[in-house]
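>>> Fold the stuff below for me.
(one chain, ligands or ions: 2)
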Amino acid sequence: MSSQGPRSEELQFPFCQNATDKYEKLAKIGQGTFGEVFKARERASKSKVVAMKRVLLDNEKEGFPITALREIKILQQLHHENIVHLIEICRTRAGPYNRYKSTFYLVCEFCEHDLAGLLSNLHVQFSLGEKKMLMQQLLNGLYFIHNNNILHRDMKSANILITRTGILKLADFGLARVYSQKDRNRLTNRVVTLWYRPPELLLGARVYGPEIDIWGAGCIMAELWTRFPIMQGHSEQEQLRLISQLCGSIRPEIWPGVEKLDLYGKVELYPGLKSKVRDRLMPFLQNQYAVDLLEKMLSLNPSNRIDSDTALNHDFFWTDPMPTDLMLTMSKYNTSMFEMHAPKRRGQWTNLQQQRQQQHSHMPPDGQHFERIF
Ligand SMILES: Nc1ncnc2c1ncn2[C@@H]1O[C@H](COP(=O)(O)OP(=O)(O)O)[C@@H](O)[C@H]1O
Ligand SMILES: [Mg+2]
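Numbers count the residues shown, from 1 in each chain. Ligands and ions are numbered 1, 2, ... in the order given. Model (predicted):
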């Protein structure tokens, strides 16, 4: 809205239902960088449960935030079982109690858990077949959005939702955007949470594509076994060091063209390191196919990184045990698990012994740090 245009309090928004009339908030389930998320119930039906994500109108003069508009436009376009479904946009009535400013909400289908919350609870154990099913659904979601020319740009376990029936959904399209395969434009490289950020973005690439989401999906895949994010850097430089220590040195011989990236030569690289993905992750994954797929997802050179289509055809998904439905396992948990309610997952995954001890001696008693939500 321009300064000459109508102010938001003067607009009627005839197609935008009143949030407080229609929904009753039940609990806060998320506190992200961009606002709060609530579990809510439709007043009329009482049984229909939704998630309401508040749109932060921080810079009031600018009107409705472009980032929220982007998220809405993209979600409206995407209809797939493995993508969170946007039901509608709601607003609160503007009045003297809110300085005549409506609050807007994205109303989405409610999912009972997020993957970060589930993995932080050591009671939750997935079998190999179930892990395959999770990865298959995650890659199906990525295949679908990439095929629709959308980059997610914020893959991480807190943005992966799981329903109580075991369906995985990609969520949080707050950083997502449309890209063009043919003419790859310059995009901002200030995207993706540091621990899941691929080497090309850390080296300043402004021309990039779906490979950045695959890197994040690889980090998430490893996390299904390690239960902790595998590379927890405190700075971009440290993140590059952790990546090189795991995946090997970044060098033009394995990544032709890397020397042309903006930050190549400006940041420290770590020569002489070999990939340790297999050595360090085999003790966790204990499956040749899983490690092979992971290595391909964590390829330093983005043009050698496996794409979602090829990944879905990988033997990992087509050998015994085959992907197993998660319905049974998930139906056992009648308490929601979200990152917001979980202890900080800054643990180490490098020491197997330590992790085993943790599993046995520090098992959190049921429900201790998870609010009862349903
Ligand atoms: N549809 C939903 N169902 C259940 N929980 C959700 C839903 N959407 C978001 N959440 C929870 O809220 C958190 C923050 O939401 P998200 O969309 O990721 O916003 P942000 O941009 O603030 O990170 C998520 O990590 C998840 O735990
Ligand atoms: Mg998020």
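
>>> Surely Asn140 and Met133 touch.
No - if you go by Cβ atoms under 8 Å, Asn140 and Met133 don't touch, sitting 10.4 Å apart. Placement of C-beta: from N, CA and C, glycine included.

>>> Settle it for me: which of the two has more neighbours?
The neighbour comparison of Asn140 against Met133 (other Cβ atoms under 10 Å) goes to Met133, with 23 against 17.

>>> How about the more buried one: what's its closest non-neighbour residue?
Distances taken as Cβ to Cβ, 6 or more residues apart in numbering put Pro323 closest to Met133, at 4.0 Å, once the chain neighbours are dropped.

>>> got the CA positions of the lengthiest strand in the chain in PDB?
Scanning the chain for the strand with the most residues, using DSSP state E, yields strand 23-32. Taking Å, rounded to 0.1, in the frame of the first residue of the first chain, the C-alpha atoms of strand 23-32 are listed here in PDB:
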ATOM      1  CA  TYR A  23     -11.000 -19.700  15.900                       C
ATOM      2  CA  GLU A  24     -10.300 -20.200  19.500                       C
ATOM      3  CA  LYS A  25      -6.500 -20.200  20.400                       C
ATOM      4  CA  LEU A  26      -5.600 -23.300  22.400                       C
ATOM      5  CA  ALA A  27      -1.800 -23.100  22.900                       C
ATOM      6  CA  LYS A  28       1.400 -21.500  21.600                       C
ATOM      7  CA  ILE A  29       3.400 -24.100  19.600                       C
ATOM      8  CA  GLY A  30       6.000 -22.100  17.900                       C
ATOM      9  CA  GLN A  31       8.100 -19.000  18.400                       C
ATOM     10  CA  GLY A  32      10.200 -18.500  15.200                       C
END
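
>>> Quick check: neighbours of that strand in the sheet, parallel or antiparallel?
Counting by DSSP bridges, the strands paired with strand 23-32 are strand 35-42 (antiparallel).

>>> next one: the strand it pairs with to chain centre, how far?
Remark: strand 35-42 is offset 19 Å from the chain centroid, using Cα atoms, centre = their mean, to the nearest Å.

>>> Can you report how many residues neighbour the residue of the chain found nearest ligand 2?
With Cβ to the ion as the measure, Asp172 is the residue of the chain nearest to ligand 2, at 3.7 Å. Neighbour count for Asp172, taken as other Cβ under 10 Å: 24.

>>> And Gln245, by the same measure?
Gln245 sits with 15 neighbouring residues when counted by other Cβ under 10 Å.

>>> Without its sequence neighbours, what residue ends up closest to it?
Per Cβ to Cβ, 6+ apart, closest to Gln245 is Leu273, 6.2 Å.

>>> which bits of the stretch 101-250 of the chain sit near ligand 2?
Contact residues, the stretch 101-250 of the chain versus ligand 2 (Cβ under 5 Å from the ion): Asn159, Asp172.

>>> tell me the SS of the residue nearest to Gln245?
coil (DSSP: H, G, I helix; E, B strand; the rest coil).

>>> Where does the closest residue to Leu170 other than its chain neighbours sit, in terms of helix or strand?
Distance criterion Cβ to Cβ, 6+ apart; nearest residue to Leu170, sequence neighbours excluded, is Gly141 at 4.2 Å. In this structure, Gly141 is located in helix 128-147 according to DSSP states H and E.

>>> Enumerate the positions of that helix that are buried.
128, 130-146 (16 or more other Cβ atoms under 10 Å).

>>> ditto for stretch 263-281
Leu263, Tyr264, Val267, Leu269, Leu273, Ser275, Val277, Arg280, Leu281.

>>> Could you tell me the end-to-end distance of that stretch?
Terminal residues of stretch 263-281 lie 29 Å apart, using Cα to Cα, to the nearest Å.

>>> Quick one: residues in contact with the longest strand of the chain.
The contact list for strand 23-32, computed with Cβ atoms under 8 Å, 6 or more residues apart in numbering, reads 36-43, 49-53, 90, 107, 158, 172, 174, 336, 338-340, 371, 373.

>>> quick one: pLDDT of Thr350?
Note for Thr350: predicted pLDDT of 61.

>>> Apologies, that question was intended for Phe13.
72.

>>> Also the one 4 residues further on?
Among the per-residue scores, Gln17 shows a pLDDT of 88.

>>> For it, which non-adjacent residue is closest in space?
Once flanking residues are discounted, Gln17 sits nearest to Cys90: 5.2 Å by Cβ to Cβ, 6+ apart.

>>> gap between Asn304 and ligand 1?
30 Å (Cβ to the nearest ligand atom, to the nearest Å).

>>> Over to His234?
On the measure of Cβ to the nearest ligand atom, His234 and ligand 1 end up 20 Å apart.

>>> Neighbours of that residue, how many?
There are 10 residues near His234, going by other Cβ under 10 Å.
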